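Enquirer: kindly return the folded structure for what I paste below:
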Amino acid sequence: MEHEVFVPYPVGAVRRVLSDPARVARCVPGLQQDASAGAALEGRLRLRIGGSTITYRGSLRLTERDGSYEVSGEGTEARGNGKVTLALSAHPQEMPGGTRLNCTGTVGAAGRLTEFDPKTVESTARRLLDRFAAALAEELSEELSEELSEELREESGADTPGGEPEEELPAPSLDEDLSFEDVELDGEIEGELEGGLDDEEPPAEAAHARRTMIGRSAEEVDHAPPRGRYAPVPAPETASGTAVLRWAAPAAAIAIAGAVVVGRALRRRR
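Expert: Numbering: from 1, shown residues only. Here you go, the predicted structure:
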């Protein structure tokens, strides 16, 4: 079987991971490494194939030869007597934007794996290599993040002379007496404070509002009608018919009396 996978990282970084058995073990899908295995690739491998899951217990050996990485291993079914053997070779090749892994391998099986047709077995092997390449890219991504964090920490330490953190100024204590005499004010601000604060008096409306609120409960103050400039303007009163008659009747009487007096005077002259 031949298969190619792509890893979007430089070939040097890919080779560093493939040279470390512990990092390779973290990239193998379904591999649960034994706690006592150390750097050796020993443990249990869960393989999903054709809607079923087969668990193998065994070991893998990783060697580097002529720029390629060879993986060989064998395993036994955890629930059965079936065995499987693996021989895989991966050759990293640099290409634009990353690294291409040219993989070739063979699988020998006896047991449950033989129940599946060769096409299904080959498809499962290709999918396993694709997942391995994705896990390898994630491993390199975490490594790159750690390197960037380390560089940032070194740069932040280099910004401080001598590599020592800057001395922090002590926070002012609340127990100390603070004096306004120690604070230097701008000349204009100081003049305004001296000349303006003493001469200005609160408006009469504000003083009246304070006097009226002293001694009153919060509920009374909330419900008290506003006063001063904020007091509501009363609506103009409309003149009614009765009010008009009150001043119109005397005026008419005076006008009639005046007309009578003028008429009598004119008669006497004639």
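Enquirer: what's around Gly51, how many residues?
Expert: 6 (other Cβ atoms under 10 Å). Using the backbone N, CA and C atoms, a C-beta is placed for each residue, glycine as well.
Enquirer: list phi and psi for it.
Expert: Dihedral angles of Gly51 (phi, psi; degrees, to the nearest 10) stand at phi 80, psi 0.
Enquirer: just use 40 as the starting number from now, easier for me
Expert: Right, with 40 as the first residue, what we last looked at is Gly90.
Enquirer: roughly how far does it sit from His130?
Expert: 33 Å (Cβ to Cβ, to the nearest Å).
Enquirer: wait, isn't Arg85 in contact with Arg96?
Expert: No: using Cβ atoms under 8 Å, Arg85 makes no contact with Arg96, being 10.6 Å away.
Enquirer: any regions of the stretch 140-289 of the chain where pLDDT drops low?
Expert: Within the stretch 140-289 of the chain, the segments meeting pLDDT under 70 span 196-288.
Enquirer: for stretch 175-182, which residues meet the burial criterion?
Expert: Across stretch 175-182, burial judged by 16 or more other Cβ atoms under 10 Å covers 175-176, 178-179.
Enquirer: oh, that last question was meant for stretch 149-159, not what I typed.
Expert: 151-152, 155.
Enquirer: end-to-end on stretch 71-87?
Expert: End-to-end distance of stretch 71-87 (Cα to Cα, to the nearest Å): 14 Å.
Enquirer: now what about that stretch, what contacts it?
Expert: Residues from elsewhere that reach stretch 71-87, judged by Cβ atoms under 8 Å, 6 or more residues apart in numbering: 60-61, 63-64, 67, 69-70, 92-101, 112, 114, 117, 163, 167.
Enquirer: how about stretch 302-309?
Expert: Stretch 302-309 is contacted by no other residue when judged by Cβ under 8 Å, 6+ apart.
Enquirer: residues of it that come out buried?
Expert: Buried residues in stretch 302-309 (16+ other Cβ under 10 Å): none.
Enquirer: ok, Thr115 to Arg307 distance?
Expert: Distance from Thr115 to Arg307, by Cβ to Cβ: 156 Å.
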